[in-house]
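K.L.:
Below is the sequence, then the predicted model.
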Amino acid sequence: NAGVTQTPKFQVLKTGQSMTLQCAQDMNHNSMYWYRQDPGMGLRLIYYSASEGTTDKGEVPNGYNVSRLNKREFSLRLESAAPSQTSVYFCASRGRTDTQYFGPGTRLTVL
Amino acid sequence: GQQVMQIPQYQHVQEGEDFTTYCNSSTTLSNIQWYKQRPGGHPVFLIQLVKSGEVKKQKRLTFQFGEAKKNSSLHITATQTTDVGTYFCEGGSNYKLTFGKGTLLTVNP
């Protein structure tokens, strides 16, 4: 039982490059989330998926797209990376009790 | 919309001193969750409070949920260096969850 896994752990991109952050959970949770965390800004919600087949925008969705591939997997895509997207990205899943379980994070630098 | 304010933003204490962080919501909450994030780590669930006036303890940590279910606190007695990190609250209301911005605790040994 791995909980929530994320790949990659670290990534360096050049401005304009694209990449996909992968997330998977093995807890059979319906809801999954993508957050970014910047110093002094707390956790900001980018996108979430309340159930397989649905996705919704969070607080800061611009520049990102998501795919809920199946119940286990929820990916985040940056089509054209910008330096403002340098951040730590966390994926999380949530069960019926509202408790969120976070992945280890992806540390992304855009040059 | 729902807002969850968390104070203080930072707290530095000497080892052995007590520490408290507070969360206040603009709306009545259904529940509140507390998380701890160690430096360089990811948020880890600590506890959930659901009932009005609820108090829960985990060793040196005491969590309270206000009678009106609009505020909550986390109190650490006699801090240790292992308590270092950022503590987040997350309030749930009308199927919407909102994080506070967190309190960064540093402990001087």
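P.N.:
Looks like it arrived, so ask away.

K.L.:
any idea how far the residue lying farthest from the centre of chain A is from chain B?
P.N.:
Ranking residues of chain A by C-alpha distance from their mean position (C-alpha atoms, centre = their mean) puts A:Thr97 at the top, at 20.8 Å. Here A:Thr97 is placed at a distance of 7 Å from chain B (C-beta to the nearest C-beta, to the nearest Å). For the C-beta atoms, the positions are set from N, CA and C on the backbone; glycine is no exception.

K.L.:
helix/strand/coil for that residue?
P.N.:
coil (DSSP: H, G, I helix; E, B strand; the rest coil).

K.L.:
what sits against A:Val4?
P.N.:
A:23-25, A:27, A:91-93, A:101-103 (C-beta atoms under 8 Å, 6 or more residues apart in numbering or on different chains).

K.L.:
Please identify the residue of chain A positioned nearest to chain B.
P.N.:
Nearest to chain B in chain A, going by C-beta to the nearest C-beta, is A:Gly42, at a distance of 3.6 Å.

K.L.:
Low-confidence ranges, chain A, go.
P.N.:
A:1 (pLDDT under 70).

K.L.:
just the strands in it please.
P.N.:
A:4-7, A:10-13, A:19-25, A:31-38, A:42-49, A:56-57, A:65-68, A:74-78, A:87-94, A:100-102, A:106-110 (DSSP state E).

K.L.:
so which of those strands gets nearest B:Val13?
P.N.:
strand A:42-49 (21.1 Å; C-beta to C-beta).
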